[in-house]
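Asks: What follows is a predicted structure for the sequence shown.
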Amino acid sequence: MARLVFRNSGKVMEDTEEIKNFLSKYGVIYDVWGIDRLPEDVRKKYDIDEENQKTIIEAYKPELDELKQKMGYITEDIVVLSDKTPNLDALMEKFKREHHHIDDEVRFVVDGSGIFPVKIEDDIVDIHVEAGELIVVPAGVRHWFELDENRKIKCIRVFKTPAGWEAIYNENEKATMGS
Ligand SMILES: [Fe+2]
């Protein structure tokens, strides 16, 4: 299950409800949808094809539809990172750069795990997520992404527009976000 590690204080939070409540104060959504509904071979396939993507998205349709309706998202896809990903190390270096987006960053973890360090107040909170968990980092919130020792993650991404997805590295560009 998810774990929050506060870099400044070293505090660790592991209780699901406590994590949900804490993050919600900062507009970060954390939820558990589970993985029981997916066959293991579907879940653990990293050379994804159209059929694999369709099967996964269909399996989570009720939750996805509810989230999309509530938050105004319109589309979703599947993204994978693993040792099969070309130039994984270079890509991970890029993902480690602090940034924000003009749209929310929405990830449901289908398999594997990872860390979303998020700037909250004056601290950096490492949000460790694993299979079956949803995280929504709101637009404008500074964050980055790191793989953990498993070095693989497979996620459903949900968005409003693909353009909202571009990383904005310069914090001062926040002012031009128009929100
Ligand atoms: Fe991001």
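Replies: The structure has been received and is ready for your questions.

Asks: Assign a three-state SS to the residue most central in space within the chain, would you?
Replies: The centre of the chain sits closest to R107, judged by C-alpha atoms, centre = their mean, with a distance of 3.3 Å. Secondary structure assignment for R107 (DSSP: H, G, I helix; E, B strand; the rest coil): strand.

Asks: thought it was touching E130?
Replies: No - R107 is beyond contact range of E130, at 11.5 Å (criterion: C-beta atoms under 8 Å). To be clear about C-beta, it is placed using only N, CA and C from the backbone, and glycine gets the same treatment.

Asks: Give the closest residue to the residue nearest to the centre of the chain in space, chain neighbours not counted.
Replies: Leaving aside its chain neighbours, R107 sits nearest to C155 (4.5 Å; criterion: C-beta to C-beta, 6 or more residues apart in numbering).

Asks: tell me which element that neighbour is part of?
Replies: Using DSSP states H and E, C155 maps to strand 153-159.

Asks: And the strands in this structure?
Replies: Along the chain, the stretches classed as strands by DSSP state E are 3-6, 12-13, 29-32, 75-81, 105-120, 123-130, 133-137, 146-147, 153-159.

Asks: For this protein, give me the ranges with low pLDDT.
Replies: Counting by pLDDT under 70, the low-confidence segments of the chain come to 162-165, 174-179.

Asks: who's in contact with K152?
Replies: Contacts here follow C-beta atoms under 8 Å, 6 or more residues apart in numbering; on that basis K152 touches Y46, V80, L81, S82, D83, D111, G112.

Asks: quick one: it and I127, what's the gap?
Replies: Distance, K152 to I127, using C-beta to C-beta, to the nearest Å: 18 Å.

Asks: got it, and E133?
Replies: Taking C-beta to C-beta, one finds E133 at 9 Å from I127.
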